[in-house]
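S.K.: Quick one: sequence and predicted model below, then my questions.
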Amino acid sequence: MSMTPRERVLAAINHEQPDRVPVFFGVSNATAIKEGPYLALKELLGLPPGMRYLHDWPELGSSLMEEELLLRLHSDARGVFDRHPAAVYERNQKREPHTPFVDSWGSGQVEITPGVWFPGLHPLADATTIEEVDAYPGWPDMSDPTRIAHVKEEAARLAAENQFAIVGTPWLMFPFERAFAMQGMDKFLMNMATDQDFAEHLLRKIAAYCKDLTGRFLEAMGENIDILWIGDDLGTQTSLLISPRMYRRILKPIHADFIAHIKERTSAKVLFHTDGDVLPLIDDFIEIGVDILNPIQTSAGRMSDLENLKARFGKNIVFCGGIDTHRILPNGSPDEVQAEVRRVMQALGPDGGLIIASVHTIMNEVPAENILAMADAVVEYGAYPLKV
Amino acid sequence: MAAERDQRQAEILDKIYENILDGNNQPIPDLTRQALELGVDPMALLFEAMIPALEEVGRLFEMGEYFVPEMLISARAMQAGMDILRPLLAETGAKPIGTFVMGTVRGDIHDIGKNLCNVMLEGAGFHVIDLGVNVPPEDFVQAIRDHQPDAVGMSAFLTTTMPMIGITIEAIAAAGLRDQVKILVGGAPVNQEYCDVVKADGYAPEATSTVRLTKKLLGLS
């Protein structure tokens, strides 16, 4: 029985067995392809050069994938994104070349080598009091209509086609990550350890803006959304960034409140992106209403034990991701990529509950052939019942 | 009287140890000055209070009791004491056990792990020269010429910048300096396999293992 891509995704995220394992490309920055490999892939496929940037944001450097590519890579979903406010684009377009890109929160990215931008401007770097946080003049205006003016129509168009699952991905609705952007990672982590009231206040302030924008975004999407993409990076290569205790005390209530806010407004599934080894927190995520866990960073500590993940959590959470971007995609051969896709599908795929995706943005050193190998392996070996 | 002074010295060393372990940086400068006024030898302060505290922090991190925030505040507290001790240690003529040049490679501005390594290394008695972030290969080469270090550490946080580790090591080799130094590598995407490929001398998965690895490579342990 053949399914449409949307039916395939809906089955998988409802823990039912689809016709084959679904695969995501280009529905978020984490599933996107950077400019270099994107253009290389187009060339390999004999397509004309040229591309648009995700969120129309050159400094992010990720491609807004074209329909032709999404079809060729068998992507079963389409993304709907928000935009920076028009005034932010305008201001940044007029700025001196190579000077920092400053976003609507006042945090910014600096160019560390030509064409490579990283968070380096932290407007609340020196703030240590609640008063300083509240007095900050640069908090964003989420009511700016240019952020989401296009969203309603795009979602309606995709829903009318009724071919692909619809993933709503407003940019960085990640309170913890945003606190790093506002303060710098080391400063905020130290504040978390030394002044819980301050850290909590900053996170709640940020979360209120995330809730505001997400509410507006969901209203524009209406019923035309299957998955909403949020998250917060909590893991490292070997463990967690903060202790489970600190997560439960400070951050978990904020995530829980954010997810409750979302679930009051939509029946879409909540996908939570969190890098690294987050094994000790997966039960917490399930408890607060996370439906889909991304990206299953197989290179990080205990996340490598896929059988354990499936056995312990597979009934209660859907896995999205799993294809390693540290070693396999950049350094493996197409055959090794194929073998890895098969391995991940066999471990996490039985009875549904799996969407294949790259663990992180496909970076510049990934050969185009490996991207094709990843996509094609899903189609070739992902049909249910899965062959061992 | 002497016994009483010994006891007061011991008490203050305990307080310094506890405050570093708990990550309280504010009392550390005063406690450090008080200890010195009581006649505590700067070396004793370092080796009997500060370093043991940081070693305990490292142990708790490896045990999974401490995480990055706790490490950061302990390192900050240690630094607050080191700022006072450093000139005094230089005056006493105490020789560092080695010189370490550290940097995040070109194209990368991540420095939390690197900075933790620096504190650990300094605490362990190394003279650390931190080249900062986004360090081009030629600056590593120049720093080796200028400072004649025993070891060089380089870190990269991203898969995209990790190849710069290999390029930097090649530049050091091309300058004829490779045999003078031990090279340690680290950072999120780095692993032993990559360490072997680029012919580095050692890979430290965590800041806490950097000191152990460096001492081992230099035959100091």
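M.R.: Received, thanks.
S.K.: got the buried residues for the lengthiest helix in chain A?
M.R.: Criterion DSSP state H: the longest helix present in chain A is helix A:196-221. Neighbour-count burial for helix A:196-221 flags A:198-203, A:205-211, A:213-218, A:220-221 (criterion: 16 or more other CB atoms under 10 Å in any protein chain shown). Heads up, the C-betas are built off the backbone N, CA and C, glycines and all.
S.K.: how about that helix, does it reach chain B?
M.R.: No: judged by CB under 8 Å from any CB of the partner chain, helix A:196-221 and chain B are separated, with a smallest distance of 9.4 Å.
S.K.: what's downstream of that helix, the next helix or strand?
M.R.: Note on helix A:196-221: by DSSP states H and E, the next helix or strand toward the C-terminus is strand A:227-231.
S.K.: and the longest helix of chain A, how far from the chain's centre?
M.R.: Helix A:196-221 sits 17 Å away from the centroid of its parent chain (CA atoms, centre = their mean, to the nearest Å).
S.K.: For my notes, confirm residue B:102 occurs in a strand.
M.R.: Yes: Residue B:102 forms part of a strand when assessed by DSSP: H, G, I helix; E, B strand; the rest coil.
S.K.: hang on, residue A:127 packs against residue A:133?
M.R.: Yes: contact criterion CB atoms under 8 Å: residue A:127 and residue A:133 qualify, at 5.7 Å.
S.K.: Which secondary structure elements does the longest helix of chain A sit against?
M.R.: If contacts are counted by 3 or more CB pairs under 8 Å, 6 or more residues apart in numbering or on different chains; DSSP states H and E, helix A:196-221 sits against helix A:130-135, helix A:151-161, strand A:165-169, helix A:175-183, helix A:185-194, strand A:227-231, helix A:252-263.
S.K.: what residues are shared contacts of residue A:127 and residue A:133?
M.R.: Shared contacts of residue A:127 and residue A:133 (CB atoms under 8 Å, 6 or more residues apart in numbering or on different chains): residue A:202.
S.K.: any weak-confidence spans in chain A?
M.R.: Along chain A, segments meeting pLDDT under 70 span A:1, A:388.
S.K.: For the residue of the stretch 51-200 of chain A found nearest chain B, give me its contacts.
M.R.: Nearest residue of the stretch 51-200 of chain A to chain B (CB to the nearest CB) works out as residue A:193 at 3.7 Å. Neighbouring residues of residue A:193 by CB under 8 Å, 6+ apart: A:246, B:23, B:69, B:70, B:72, B:73.
S.K.: Flag every buried residue along whichever strand or helix holds the fourth one.
M.R.: What that stands for is residue B:70. Secondary structure assignment for residue B:70, by DSSP H and E: helix B:68-91. Buried positions in helix B:68-91, judged by neighbour count with 16+ other CB under 10 Å: B:68-82, B:84-85, B:88-89.
S.K.: which regions of chain B lie under the pLDDT threshold?
M.R.: Within chain B, the stretches with pLDDT under 70 are B:1.
S.K.: all strands for it, in order.
M.R.: Ranges of strands within chain B are B:98-104, B:126-130, B:151-155, B:182-186, B:202-203, based on DSSP state E.
S.K.: and of these, who's closest to residue B:31?
M.R.: Judged by CB to CB, the one of the strands of chain B that comes nearest to residue B:31 is strand B:126-130, at 23.3 Å.
S.K.: mind listing what's buried in stretch A:339-347?
M.R.: Across stretch A:339-347, burial judged by 16+ other CB under 10 Å covers A:339, A:340, A:341, A:342, A:344, A:345, A:346, A:347.
S.K.: Do me a favour and get the end-to-end distance for stretch B:58-76?
M.R.: End-to-end distance for stretch B:58-76: 14 Å, by CA to CA, to the nearest Å.
S.K.: Same question for stretch A:178-192.
M.R.: Terminal residues of stretch A:178-192 lie 14 Å apart, using CA to CA.
S.K.: which residues sit against it?
M.R.: A:105-107, A:119, A:122-125, A:127-128, A:172, A:198-199, A:202-203, A:206, A:210, A:241-242, A:246, A:250, B:68-69, B:72-73, B:76, B:112, B:115.
S.K.: for the one residue in chain B that gets nearest to chain A, what are its contacts?
M.R.: Per CB to the nearest CB, residue B:69 is where chain B lies closest to chain A, at 3.7 Å. By CB under 8 Å, 6+ apart, residue B:69 lies in contact with A:189, A:190, A:192, A:193, A:242, A:246.
S.K.: Check residue B:99 too.
M.R.: B:126, B:127, B:128, B:129, B:147, B:148, B:149, B:150, B:151.
S.K.: likewise residue B:80?
M.R.: For residue B:80, the contact set (CB under 8 Å, 6+ apart) comprises B:25, B:26, B:28, B:29, B:32.
S.K.: repeat that with 6 Å
M.R.: B:25, B:28, B:29 (CB atoms under 6 Å, 6 or more residues apart in numbering or on different chains).
S.K.: Going by distance to residue B:156, which of the contacts of residue A:193 wins?
M.R.: Of all the contacts of residue A:193, residue B:156 sits closest to residue B:72, with 20.1 Å by CB to CB.
S.K.: For the closest one, give its distance to residue B:105.
M.R.: For residue B:72, the distance to residue B:105 equals 22 Å [CB to CB, to the nearest Å].
S.K.: and what of residue A:306?
M.R.: Residue A:306 sits at a distance of 32 Å from residue B:105 (criterion: CB to CB).
S.K.: More neighbours: the two, which one.
M.R.: residue B:105 (28 against 21; other CB atoms under 10 Å in any protein chain shown).
S.K.: ranges for the helices of chain B?
M.R.: B:2-22, B:28-37, B:42-45, B:51-62, B:68-91, B:112-123, B:137-147, B:163-174, B:192-197, B:207-217.
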